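S.K.: curious how this folds, go ahead:
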Amino acid sequence: MTPRNGDHLVVFTTSYPFSKVVESFLDRELSHLSSSFDAVTLVPRLYPPPGERLDRPLPENVSAETSIMHDAQGESTTAYYLHLILSSLASPELYVELRRNYRSMLHPAGMRKALGYLGIALDVRDWVARRVEEGVLDPAHTLLYTYWFDGTALGAVLAKRDFPGIRCISRAHGYDLYAERYTPPYMPFQDARACSLDRVYPVSEHGKRYLSARYPSYVSNFRVARLGTGDPGFLTSPSRDGVFRVVSCSHVIPIKRIDLLVRGLAEVGRIQPDREFEWVHIGGGPLQSKMETYADATLPENVSHRFTGYLTNAAVREHYRQSPADAFVNVSESEGVPVSIMEAESCGIPVIATAVGGTPEIVSDATGILLPEHPEPRDIAEAIGRIAADPDGARTMRSACRENWEHRYNADRNFGAFAGDLQALLQ
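M.R.: Residues are numbered from 1 along each chain as shown. Predicted coordinates:
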């Protein structure tokens with residue numbers, strides 16, 4: 001699609017393009033965005049930790065603007081949050097929100113979250129105002145795109161109030177959408193974000209239904225835009241040596257419930273003591289050391305395990321190319337639609353996953369086994385056992401996984417359609 005002359009896309013991110021961990025899956029989407037707009041400006045908010053930084057090459061018409069980035073490693077975290085708090089306390093937006101949601105904001109966690117969202121929003125609004133005043137942005141030919149439905153999305157809304165000609169949209173995933181994930185169950189300024197953006201793009205039908213139930217007058221503003229992964233160019237092999245191999249891939253953080261997966265693997269090892277199981281977890285995080293120790297102490301001798309730590313996307317694909325895998329397992333407490341499951345299905349690996357968020361849209365009886373939202377270890381063990389006991393059924397699942405990925409989660413198809421949809425907003 002040929003872009004209109006002068007169309008400018010501004011993408012607000014957390015750390016992209018400077019992080020090799022956070023938002024790294026934007027790489028493939030960016031190629032489509034850069035082809036659909038004359039200029040793309042990436043505006044990240046936080047420097048990644050030194051060990052995660054990456055000097056990523058960008059397309060010719062894409063630039064990164066770092067003026068609102070904060071370095072939590074190199075500056076005082078206290079000073080940064082004090083900046084957010086003071087900015088928020090001086091803004092009338094805070095007191096409008098307080099009147100609307102005072103019960104949630106009386107809770108310390110609710111107030112902290114509201115102050116953080118608003119502080120970030122004011123940074124974004126002021127950045128846009130400066131660029132318009134400098135002549136860098138023409139509101140009539142600018143689209144603001146926030147990758148997360150959070151404080152940056154609120155900032156786009158505030159910028160639109162100052163410059164009504166500007167267009168603004170946001171994706172909506174999981175952590176940034178579902179209030180029930182938090183105590184109190186509160187997402188600050190969600191009314192303003194959902195109702196004032198030109199469009200909100202949930203990554204799942206579940207997310208669209210969630211927003212539509214809360215804001216029925218704005219249903220036409222909510223449009224599903226699925227994420228996707230690239231074609232790996234191969235199918236992962238099943239095991240042929242009698243060992244049943246399980247793989248999982250996620251950050252090692254509480255919401256992913258790696259401890260629950262360990263207990264499920266321990267249970268299947270006890271149920272089938274004469275069978276060998278092997279589990280590989282791809283991904284690192286603050287709980288990795290604790291989970292490694294827990295797995296050492298919990299898993300029986302017939303269940304071996306290995307934590308790879310963080311791997312690049314290319315390294316994850318190489319693992320799937322070289323290493324047999326018989327089932328991919330995700331027991332997360334909450335999700336949007338996991339990119340890790342898309343990657344597994346693109347390689348033809350059957351999936352066992354909890355029926356949370358948009359996961360039931362990618363995992364079915366055809367492609368694997370859906371677990372309850374809060375499974376017991378025995379539920380996980382029985383699901384693993386069912387796939388292990390039925391090689392013919394597993395082969396059928398492997399084919400269905402690949403077909404499901406091709407039909408619904410092919411990155412080039414999904415991101416191409418998304419980029420075209422964004423460009424149309426400026427026509």
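
S.K.: for the stretch 51-200 of the chain, give me the ranges with low pLDDT.
M.R.: Regions of the stretch 51-200 of the chain meeting the criterion pLDDT under 70 cover residues 71-77.

S.K.: so is the closest residue to V203 other than its chain neighbours in a helix, a strand, or just coil?
M.R.: Computed as Cβ to Cβ, 6 or more residues apart in numbering, the closest residue to V203 that is not its neighbour in sequence is G336, at 4.8 Å. Yep, even glycine has a C-beta here, placed from its N, CA and C like the rest. On the three-state scheme (DSSP: H, G, I helix; E, B strand; the rest coil), G336 is labelled coil.

S.K.: okay, G336 and E97: tell me how far apart.
M.R.: Using Cβ to Cβ, to the nearest Å, we find G336 at a distance of 25 Å from E97.

S.K.: can you pull out the helices in the stretch 101-250 of the chain?
M.R.: Applying DSSP state H, counting those that start in this stretch to the stretch 101-250 of the chain gives helices spanning 102-106, 108-133, 151-162, 190-196, 205-214.

S.K.: just those helices: most buried one?
M.R.: Of all the helices of the stretch 101-250 of the chain, helix 151-162 has the most neighbours on average by mean count of other Cβ atoms under 10 Å, namely a mean of 24.

S.K.: what's around E276, how many residues?
M.R.: 16 (other Cβ atoms under 10 Å).

S.K.: got it, and the one 4 residues further on?
M.R.: Using other Cβ under 10 Å, the number of residues around V280 comes to 17.

S.K.: hmm, it is touching V247, no?
M.R.: Yes: taking contacts as Cβ atoms under 8 Å, V280 lies within contact range of V247: 5.1 Å.

S.K.: common neighbours of those two, please.
M.R.: Here V280 and V247 share the contacting residues H319, S323, scored by Cβ atoms under 8 Å, 6 or more residues apart in numbering.

S.K.: relative to L227, how far out is A417?
M.R.: From A417 to L227 the distance is 12 Å (Cβ to Cβ).

S.K.: more neighbours: which of the two?
M.R.: Relative neighbour count places L227 above the other of A417 and L227, with 23 against 14, counting by other Cβ under 10 Å.

S.K.: who touches the more buried one in this structure?
M.R.: Contacts of L227 by Cβ under 8 Å, 6+ apart are F25, V203, V337, V339, M342, Y409, A411, N414.

S.K.: tell me the pLDDT at it?
M.R.: Per-residue confidence (pLDDT) for L227: 96.

S.K.: how close does it sit to I341?
M.R.: From L227 across to I341, the span is 11 Å (Cβ to Cβ).

S.K.: and for L106?
M.R.: 38 Å.

S.K.: any idea how far S304 is from the residue nearest the centre of the chain?
M.R.: For the chain, the residue nearest the mean C-alpha position is H173 (5.8 Å; Cα atoms, centre = their mean). In this view, H173 and S304 are 34 Å apart by Cβ to Cβ.

S.K.: try L118
M.R.: Taking Cβ to Cβ as the measure, L118 falls 49 Å from S304.

S.K.: was I right about A344 contacting C249?
M.R.: Yes: judged on Cβ under 8 Å, A344 makes contact with C249 at a distance of 7.4 Å.

S.K.: isn't R386 right next to G368, touching?
M.R.: No: contact criterion Cβ under 8 Å: R386 and G368 do not qualify, at 10.0 Å.

S.K.: and these two? Which one has more around it.
M.R.: Counted by other Cβ under 10 Å, R386 and G368 do not tie: G368 has more neighbours, with 30 against 15.

S.K.: A344 and C249: which is more packed in?
M.R.: Per other Cβ under 10 Å, whichever of A344 and C249 has more neighbours is A344, with 32 against 23.

S.K.: A297: how many residues sit nearby?
M.R.: 9.

S.K.: in a helix, that's where it is, yeah?
M.R.: Yes: counting by three-state DSSP, A297 is found in a helix.

S.K.: on that earlier part again, where do the contact lists of A344 and C249 overlap?
M.R.: F328.

S.K.: okay, domains of the chain per the record?
M.R.: By the record's domain assignment, the chain is partitioned as 8-228+411-424, 244-408 (automatic domain parsing).

S.K.: how about those domains, which one is nearest T236?
M.R.: Taking Cβ to Cβ, domain 244-408 is the member of the domains of the chain nearest to T236, at 4.2 Å.

S.K.: give me the average confidence score over that closest one.
M.R.: Per-residue scores along domain 244-408 average to 97.

S.K.: end-to-end on that domain?
M.R.: Domain 244-408 has its terminal residues 28 Å apart, counting by Cα to Cα, to the nearest Å.

S.K.: and the strands in the stretch 201-350 of the chain?
M.R.: For the stretch 201-350 of the chain, strands defined by DSSP state E, counting those that start in this stretch occupy the ranges 244-249, 277-282, 303-307, 327-330.

S.K.: JSON lines please, covering those and showing distance to I352.
M.R.: Shown next, in JSON lines, are the strands of the stretch 201-350 of the chain (distance: least, Cβ to Cβ, whole Å):
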{"stretch": "strand 244-249", "distance to I352": "8"}
{"stretch": "strand 277-282", "distance to I352": "12"}
{"stretch": "strand 303-307", "distance to I352": "15"}
{"stretch": "strand 327-330", "distance to I352": "5"}
